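Chemist: Got a predicted structure plus its sequence, pasted below:
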Amino acid sequence: MADQLVVRTDEGAVTRLTLSRPDKLNALNSAMLRVLRTHLEAIAGDESVRCVVLAGAGRSFSAGKDLTDVRGGDDYDPTEDGSTVDFLDALPQPTIGRIQGHCFTGGLELVLACDLLVAADDARICDTHAKWGIIPLWGMSVRLPERVGLSAAKRMMFSSMEVSGKEAARIGLVDESVPLDQLDDAVDRLANGIAAGSGDSNRIVKRLVMASPLQDARAFALKLERERVHGMPRDRAERLEASQRR
């Protein structure tokens, strides 16, 4: 059922949202993102929730955007999907992304909208837009450089290189990296520490951080990406067809 594509669980003041297509490595399709948006909208107005954890069921956080949608060509409209990522970014409560296994491309774009990131040491994180002849539409060109700086972001985006969770922590892509068997404990410790603080204080602090004058430029950059002002790669169809054969 569609409403089971993202599962909500509550424990005290911490809410966990779990992407639940484990047989597809939690590849993100529009139906899943609509369910996620519904959960986020309910949480946004719930002051009893003081921290939100975004996780993936099974062995991966997310292998990325389901290319079945993308292969629709110009018929694919990223606006609705991207607005869900933006809504996560602007959620009033602090958010934590829990990363294990694959965290590729669209999955990375989604988790970058979280405030804090905790990864397993052996997680595999990368951006494969160039590999498949597609372009970022959910904020990669803005949020990845915010995390790691321009040079490291360009290297990841241009080369489709993978980094481990441990390397991601070294370059600032994630805030903490731990062995996989310690991942839940690390996330719970961070989430519970946040939830123990003042919910009002954290919401206000987050609002203040997002109210920086720099946010106008950030919003403009996200809009440029979403509207595809620079067009699409000419070898897009060929590369996507190759991905389907693989």
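Modeler: Sure thing, it's come through.

Chemist: so where's this protein uncertain?
Modeler: The chain contains residues with pLDDT under 70 at 1-2, 69-77, 242-246.

Chemist: In this protein, what residue spans correspond to strands?
Modeler: Under the criterion DSSP state E, strands of the chain are mapped to 6-11, 14-19, 51-56, 95-99, 102-104, 116-120, 124-126, 163-164, 176-178.

Chemist: Just confirm residue 119 contacts residue 102, I think it does.
Modeler: No: with contact defined as Cβ atoms under 8 Å, residue 119 and residue 102 do not form a contacting pair (11.5 Å). The way it works is simple: take the backbone N, C-alpha and C, and place the C-beta from them, glycine included.

Chemist: Contact partners for residue 39?
Modeler: 6, 8, 17 (Cβ atoms under 8 Å, 6 or more residues apart in numbering).

Chemist: what's the distance between it and residue 238?
Modeler: Counting by Cβ to Cβ, to the nearest Å, the separation of residue 39 from residue 238 is 37 Å.

Chemist: Tabulate the contacts of residue 39 in TSV, adding columns for neighbour count and distance to residue 138.
Modeler: What follows is the contacts of residue 39, written out as TSV (neighbours: other Cβ atoms under 10 Å; distance: Cβ to Cβ, whole Å):
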residue	neighbour count	distance to residue 138
6	24	16
8	16	22
17	21	17
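
Chemist: Would you mind putting those into TSV with distance to residue 174 alongside?
Modeler: Putting these into TSV (distance: Cβ to Cβ, whole Å) gives the following:
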residue	distance to residue 174
6	22
8	24
17	18
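
Chemist: Let me know the closest of these to residue 57.
Modeler: residue 6 (9.6 Å; Cβ to Cβ).

Chemist: OK, contacts around that closest one?
Modeler: Here residue 6 is in contact with 17, 18, 19, 20, 32, 35, 36, 39 (Cβ under 8 Å, 6+ apart).

Chemist: The third one and residue 115, how far apart?
Modeler: Taking Cβ to Cβ as the measure, residue 19 falls 18 Å from residue 115.

Chemist: Let me know the distance separating the spatially closest residue to residue 4 that is not a sequence neighbour from residue 3.
Modeler: Counting by Cβ to Cβ, 6 or more residues apart in numbering, residue 4 lies nearest to residue 20, which is 6.0 Å off, once chain neighbours are set aside. To residue 3, residue 20 is 10 Å away according to Cβ to Cβ.
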